[in-house]
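1. What follows is a predicted structure for the sequence shown.
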Amino acid sequence: MNLVVEADGGSRGNPGPAGYGAVVKDTDGQVLAEAADALGVATNNVAEYQGLIAGLRSALALGGEGAAVEVRMDSKLVIEQMAGRWKIKHEGLRPLAREAAALAGRLRVSWKWIPRERNRDADRLANEAMDAAAQGDRWRPGSRTAPPSMPQPTTPPGLSPTAPPNVAVTAPPGAGPTAPSSSGTTTSPGAGAVPSNLRTDLQAALHPAVSSGVRATASSDGTGSGWMGPARTATTFLLLRHGETPFSVERRFSGTGDPELTPKGVAQAEAAAARLARPPYEIDVIVSSPLRRAQGTAEIVAARAGLKVAVDQGLREVDFGAWEGHTFTEIQRRWPAELEAWLADPSVAPPGGESFDQAAARVQAAKERLLLDHKGKKVLVVSHVTPIKLLLRFALLAPSAALYRMHLDVASLSTVDYFPDGPELVRSLNDTAHLR
């Protein structure tokens with residue numbers, strides 16, 4: 001499948017209230033998907049990159065791995081940087097460029113600059129998202145009348161419970177009610193329906209919560225819009241690092257290895273549970289990493305709170321590969337060059353392991369799933385050093401180097417509020433008052 005992605009973003013103030021838009025078309029100009037959202041306060045370039053990322057995600061969902069995609073944008077900066085012809089000098093753009101490059105690496109992408117007047121569809125979506133945010137709402141598919149040249153997007157039957165509501169998908173040519181079958185007869189899958197093979201891929205790519213064990217839910221009143229829907233209060237993430245393990249006592253790299261809590265770690269989890277059972281916490285949901293040290297901590301809190309623990313694979317610790325179970329000194333002696341490269345570049349992975357950039361992509365996806373499923377609620381997220389630092393880094397709009405500038409104790413608590421109009425607010429970091 002050959003696809004075209006048109007993407008744009010804008011900021012009313014630069015920096016100021018910002019938003020992005022992206023549209024995926026086939027080579028005949030038929031609209032297959034649209035995406036848009038507000039970003040809170042951001043710059044034009046940040047918004048443009050976010051539009052690109054949204055467009056690439058939708059293209060990957062529709063076309064699958066290796067699909068040929070022509071990306072068209074009126075941002076000369078983004079096109080030239082992604083094509084590798086211009087350096088990315090602004091530190092704040094590098095994480096976004098890496099995320100876009102990771103998505104583009106799964107496709108066959110060509111990059112094309114176009115004049116603004118030829119990018120009006122994506123520009124319109126970005127402005128609609130900003131207009132909706134200014135009115136205290138979120139952009140949603142079908143919230144405006146499409147121009148005659150553009151088919152009105154519809155949410156395919158069977159997709160609404162799991163696809164994010166700020167992505168609209170329309171049937172590709174040949175999928176409508178008059179599409180001829182191989183026998184020459186016509187089939188009628190339903191107006192606006194997406195073929196089952198595309199619909200399955202789209203559901204998995206845009207909302208992998210079903211396969212990860214976190215149940216997807218739709219807005220009960222049907223008014224959800226954007227990743228966080230119409231909630232007017234913040235969604236709060238209470239970020240609890242697991243309790244002590246033998247590896248943390250000995251300061252060993254502890255990634256996807258699975259040590260259990262020490263007796264002291266159990267006591268730390270119980271102290272956290274006692275604190276979280278009191279006002280003002282009032283936890284609604286508990287979601288944990290699949291690793292035993294996190295699940296054990298989460299179960300102790302859940303028993304006190306009378307809640308069940310859901311598991312999200314995206315919250316697991318980074319995979320340290322060959323370095324698992326070793327101390328920093330041991331790694332420095334055995335893998336000096338690899339360690340130096342890893343410390344200098346978040347795209348570099350330990351031997352046989354996972355890079356911080358790779359971890360960032362799955363943690364970002366987990367964050368979006370949780371915000372969609374639990375808007376307006378207080379969510380206890382029981383996880384590890386790297387995922388919690390990444391969530392804090394995202395909220396602060398901080399560069400990748402910020403990961404090395406934060407310290408998190410075992411069983412520490414950090415708090416982030418996510419507001420419906422875009423901003424994310426860090427309220428606490430590494431709070432250990434319950435352990436004193």
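-> Received, thanks. Residues are numbered from 1 along each chain as shown.
2. got the residue ranges for the helices in the stretch 201-350 of the chain?
-> Taking DSSP state H, counting those that start in this stretch to define them, one finds helices in the stretch 201-350 of the chain at 209-212, 246-249, 263-276, 292-305, 328-334, 336-344.
3. Any idea which of those helices gets closest to Trp86?
-> Closest to Trp86 of those, according to Cβ to Cβ: helix 336-344, at 21.8 Å. All C-beta spots, glycine's among them, are computed from the backbone N, C-alpha and C.
4. buried residues in that closest one?
-> Neighbour-count burial for helix 336-344 flags Glu338, Leu339, Trp342 (criterion: 16 or more other Cβ atoms under 10 Å).
5. next one: stretch 250-258
-> Arg252, Phe253, Ser254, Gly255, Thr256, Gly257.
6. farthest pair in the residues you listed?
-> It's Arg252 and Thr256 that sit farthest apart of the buried residues of stretch 250-258, by Cβ to Cβ, at 13.5 Å.
7. ok, back up a step: in TSV, list the helices of the stretch 201-350 of the chain along with mean pLDDT and distance to Ala67.
-> Below are the helices of the stretch 201-350 of the chain laid out as TSV (pLDDT from 0 to 100; distance: least, Cβ to Cβ, whole Å):
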stretch	mean pLDDT	distance to Ala67
helix 209-212	33	21
helix 246-249	94	42
helix 263-276	97	45
helix 292-305	97	36
helix 328-334	94	39
helix 336-344	92	32
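8. in this structure, which ranges drop under the pLDDT threshold?
-> 1, 142-232, 421-422 (pLDDT under 70).
9. all strands for it, in order.
-> 2-11, 16-26, 31-42, 68-73, 108-113, 167-169, 235-241, 285-288, 309-311, 378-383, 413-418, 424-431 (DSSP state E).
10. any idea which of these is most buried?
-> The highest mean neighbour count among the strands of the chain, using mean count of other Cβ atoms under 10 Å, belongs to strand 167-169: a mean of 27.
11. if we can go back for a sec, JSON lines for the strands of the chain, including distance to Lys367?
-> Converted to JSON lines, these look like this (distance: least, Cβ to Cβ, whole Å):
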{"stretch": "strand 2-11", "distance to Lys367": "20"}
{"stretch": "strand 16-26", "distance to Lys367": "17"}
{"stretch": "strand 31-42", "distance to Lys367": "14"}
{"stretch": "strand 68-73", "distance to Lys367": "25"}
{"stretch": "strand 108-113", "distance to Lys367": "25"}
{"stretch": "strand 167-169", "distance to Lys367": "17"}
{"stretch": "strand 235-241", "distance to Lys367": "8"}
{"stretch": "strand 285-288", "distance to Lys367": "11"}
{"stretch": "strand 309-311", "distance to Lys367": "15"}
{"stretch": "strand 378-383", "distance to Lys367": "9"}
{"stretch": "strand 413-418", "distance to Lys367": "8"}
{"stretch": "strand 424-431", "distance to Lys367": "10"}
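12. which non-adjacent residue is nearest Glu48?
-> With Cβ to Cβ, 6 or more residues apart in numbering as the criterion, Glu48 has its nearest non-adjacent residue at 4.0 Å, and that residue is Gly9.
13. Relative to Glu48, how far out is the nearest residue to Trp139 once chain neighbours are set aside?
-> Nearest residue to Trp139 in three dimensions, chain neighbours excluded: Ala129, at 4.1 Å (Cβ to Cβ, 6+ apart). Using Cβ to Cβ, to the nearest Å, Ala129 is found at 13 Å from Glu48.
14. what residues are shared contacts of these two?
-> Tyr20 (Cβ atoms under 8 Å, 6 or more residues apart in numbering).
15. Compare these two and say which is more crowded by neighbours.
-> Neighbours per residue (other Cβ atoms under 10 Å) separate Ala129 from Glu48, with Ala129 holding more: 33 against 28.
16. List the contacts of the more buried one.
-> Neighbours of Ala129 in contact, by Cβ under 8 Å, 6+ apart: Gly19, Tyr20, Gly21, Ala36, Asp37, Ala38, Arg138, Trp139.
17. do the same with Leu429
-> Each residue near Leu429 by Cβ under 8 Å, 6+ apart is listed here: Leu392, Met406, Leu408, Ser414.
18. Can you say which of these are buried?
-> Counted by 16+ other Cβ under 10 Å, those give Leu392, Met406, Leu408, Ser414 as buried.
19. Touching, the last one and Leu390? I think so.
-> What that stands for is Ser414. No. Counting by Cβ atoms under 8 Å, Ser414 sits too far from Leu390 to count as a contact (11.6 Å).
20. In contact with the residue nearest to Glu48, which residues are there?
-> 18-21, 39, 44-51, 75, 126.
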